[in-house]
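Visitor: build me a model from this:
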Amino acid sequence: MTQANVGQKVKFTRHGFDITGEVTKILERSVIVSISEEDALLLDYGTNFTVVSHENYKVIENA
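Guide: Below you'll find the predicted structure:
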């Protein structure tokens, strides 16, 4: 598993939807990802940031 760096694009699945976002912060076991406002509305989130475990994303673009 490749751990993402800040600024990289990652892809993950949440509630059956494939979501792409940009890593904004790295934590010990997860990353904080900025997602689009459209995806935040689709997921019924009040913010466009979400936490994703290192095990649950794939790096799709380098910073």
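
Visitor: neighbours of residue 29, just the number please.
Guide: Residues near residue 29, counting by other C-beta atoms under 10 Å, number 8. C-beta coordinates here come from the backbone N, C-alpha and C atoms, glycine included.

Visitor: correct me, but it touches residue 56?
Guide: No: at 10.6 Å, residue 29 and residue 56 do not qualify as touching, with contact defined as C-beta atoms under 8 Å.

Visitor: for the helix or strand of the chain with the lowest mean pLDDT, packing partners?
Guide: Sorting the helices and strands of the chain by mean pLDDT, DSSP states H and E puts strand 58-61 at the bottom, at a mean of 89. In terms of contacts (3 or more C-beta pairs under 8 Å, 6 or more residues apart in numbering; DSSP states H and E), strand 58-61 is packed against strand 9-14.

Visitor: next secondary structure after the strand it packs on?
Guide: Using DSSP states H and E, the helix or strand that follows strand 9-14 towards the C-terminus is strand 17-26.

Visitor: and the least confident helix or strand of the chain, which strands flank it?
Guide: When pairs are called by DSSP bridges, strand 58-61 turns out to pair with strand 9-14 (antiparallel).

Visitor: ok and the partner strand relative to strand 17-26, angle-wise?
Guide: Angle between the axes of strand 9-14 and strand 17-26 is 130 degrees (criterion: axes from the mean of the first three to the mean of the last three C-alpha atoms, to 10 degrees).

Visitor: report pLDDT for residue 63.
Guide: Model confidence at residue 63, given as pLDDT, is 55.

Visitor: ah, wrong one, I meant residue 2
Guide: 76.

Visitor: what sits against it?
Guide: Taking C-beta atoms under 8 Å, 6 or more residues apart in numbering, we find residue 2 in contact with residue 59.

Visitor: can you confirm it is in a helix?
Guide: No: judged by DSSP: H, G, I helix; E, B strand; the rest coil, residue 2 forms no part of a helix; its state is coil.

Visitor: so that it lines up with my notes, have the first residue be 28 from now on.
Guide: Sure, I'll start numbering at 28, so the last one becomes residue 29.

Visitor: that one and residue 65, how far apart?
Guide: In this structure, residue 29 and residue 65 are 27 Å apart, going by C-beta to C-beta, to the nearest Å.
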